[in-house]
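Colleague: what follows is a protein structure lacking sequence information:
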């Protein structure tokens, strides 16, 4: 399978590393408006560097396009790839507006290609294990959950993150990980309420989600934290509690040599205690879904729903009021 990558920043390099580890997959083209970035990634992968996305689609012979661009550019590039008959692996969020996300899904379906969206937290072993424990009933009926995701502001390295019109801010870029995880684990959301503070290089948001099951989740996301990137989750049920905290020691520790570009120009990428990168697990899963024509762990519709909840939180931060969702049951009764 031949893959092309548009967007040669941090996640473009992550995708390239993942493809290199998958047998039968070759990166045949890389594209970026910044010559230095595309040339460096071309040198790493042995692929041809393209300044023009049109030319890469026409000349590279790719079957799949990885879209690892700023979030506001996901829609036009994904649609162009779909119309060229290429499958699309797009980083999260799927888009910044629901109409754009819906159009991406429609265009991929109309052109007979697959659309995969990188909600990578589903592939982190600790989060997947929490999901399995909830499903198995290990903690009984879930009542209250909390998650946080904090780190330095990525806009200090890549300024487009500072612009909500390009990144969606801390809610649509960072909090959306835990939004998707809780919807995956706890079911559909009934209401969302949010607060947000932006001051200089600090972007902090918190949200309260009430689920159709009656469970309540509190979610925090924070850019500008002076310490290392940290994630934590706690889920309390009628029979027990599950906790995960990346800042605390774990029973299994795998030490790897520091990456050559550590501290370089790209933003932080969350790590997991597992030996295999969750990004590698995710990309390999998407490739297998294409090869075997099966549904992925995270669908494009899942990505749409995560965006819908994220946008509801954004709206709540502006109005000061909770946003209510129509339940599947109420919609089905109409």
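Modeller: Now that the structure is in, tell me what you want to look at. All values derive from a computational prediction rather than experimental measurement.
Colleague: number of residues surrounding residue 138?
Modeller: Number of residues near residue 138 (other Cβ atoms under 10 Å) recorded here: 13. No exception for glycine: its C-beta is placed from N, CA and C like everyone else's.
Colleague: which SSE is it in?
Modeller: Element membership for residue 138, per DSSP states H and E: none, as it lies in no helix or strand.
Colleague: the chain: helices as residue ranges?
Modeller: Taking DSSP state H as the test, the helices found in the chain are 10-20, 35-45, 53-59, 74-83, 98-110, 125-135, 164-167, 169-170, 176-186, 278-292, 300-319, 328-332.
Colleague: ok, and what's touching the first one?
Modeller: This means helix 10-20. By Cβ atoms under 8 Å, 6 or more residues apart in numbering, the residues outside helix 10-20 that reach it are 3, 5-6, 25-27, 30, 32, 37, 41, 44-45, 66, 68, 89, 91, 158, 261, 266-267, 269, 277, 279-280, 282-284.
Colleague: out of these, which are buried?
Modeller: Buried members of the contacts of helix 10-20, scored by 16 or more other Cβ atoms under 10 Å, are 3, 5-6, 25-27, 30, 32, 37, 41, 45, 66, 68, 89, 91, 158, 266-267, 277, 279-280, 282-284.
Colleague: tell me the pLDDT at residue 247?
Modeller: On pLDDT, residue 247 comes in at 84.
Colleague: let me see the contact set for the nearest residue to residue 195 once chain neighbours are set aside.
Modeller: Leaving aside its sequence neighbours, residue 195 sits nearest to residue 206 (Cβ to Cβ, 6 or more residues apart in numbering; 5.2 Å). Residues near residue 206 by Cβ under 8 Å, 6+ apart: 194, 195, 196, 218, 219, 220, 221.
Colleague: also residue 146?
Modeller: Contacts of residue 146 (Cβ under 8 Å, 6+ apart): 217, 218, 219, 220, 232, 233, 234, 235.
Colleague: mind redoing it with 6 Å?
Modeller: By Cβ atoms under 6 Å, 6 or more residues apart in numbering, the residues touching residue 146 are 218, 234.
Colleague: report the beta-bridge partners for it.
Modeller: residue 218, residue 234 (DSSP bridges).
Colleague: counting neighbours, what do you get for residue 208?
Modeller: For residue 208, the neighbour count with other Cβ under 10 Å is 16.
Colleague: distance of it from residue 145?
Modeller: Distance, residue 208 to residue 145, by Cβ to Cβ, to the nearest Å: 11 Å.
Colleague: residue 186 too?
Modeller: Taking Cβ to Cβ, one finds residue 186 at 7 Å from residue 145.
Colleague: if we can go back for a sec, tabulate the helices of the chain (JSON lines), appending mean pLDDT.
Modeller: Formatted as JSON lines, these follow (pLDDT from 0 to 100):
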{"stretch": "helix 10-20", "mean pLDDT": "97"}
{"stretch": "helix 35-45", "mean pLDDT": "98"}
{"stretch": "helix 53-59", "mean pLDDT": "98"}
{"stretch": "helix 74-83", "mean pLDDT": "98"}
{"stretch": "helix 98-110", "mean pLDDT": "98"}
{"stretch": "helix 125-135", "mean pLDDT": "96"}
{"stretch": "helix 164-167", "mean pLDDT": "97"}
{"stretch": "helix 169-170", "mean pLDDT": "98"}
{"stretch": "helix 176-186", "mean pLDDT": "98"}
{"stretch": "helix 278-292", "mean pLDDT": "98"}
{"stretch": "helix 300-319", "mean pLDDT": "98"}
{"stretch": "helix 328-332", "mean pLDDT": "44"}
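Colleague: and residue 141, which of these is closest to it?
Modeller: Across these, residue 141 has its closest neighbour in helix 125-135 (9.9 Å, Cβ to Cβ).
Colleague: and the closest one, what does it pack against?
Modeller: helix 176-186, strand 241-245 (3 or more Cβ pairs under 6 Å, 6 or more residues apart in numbering; DSSP states H and E).
Colleague: mind running it again at 7 Å?
Modeller: helix 176-186, strand 230-237, strand 241-245 (3 or more Cβ pairs under 7 Å, 6 or more residues apart in numbering; DSSP states H and E).
Colleague: right, so the helices of the chain: which one is the most enclosed?
Modeller: Comparing those by mean neighbour count (mean count of other Cβ atoms under 10 Å), helix 169-170 comes out on top with a mean of 26.
Colleague: from the rest of the structure, what touches it?
Modeller: 203, 204, 205, 221, 223 (Cβ atoms under 7 Å, 6 or more residues apart in numbering).
Colleague: any idea how far that helix is from the chain center?
Modeller: Here helix 169-170 shows a centroid-to-chain-centroid distance of 13 Å under the convention Cα atoms, centre = their mean, to the nearest Å.
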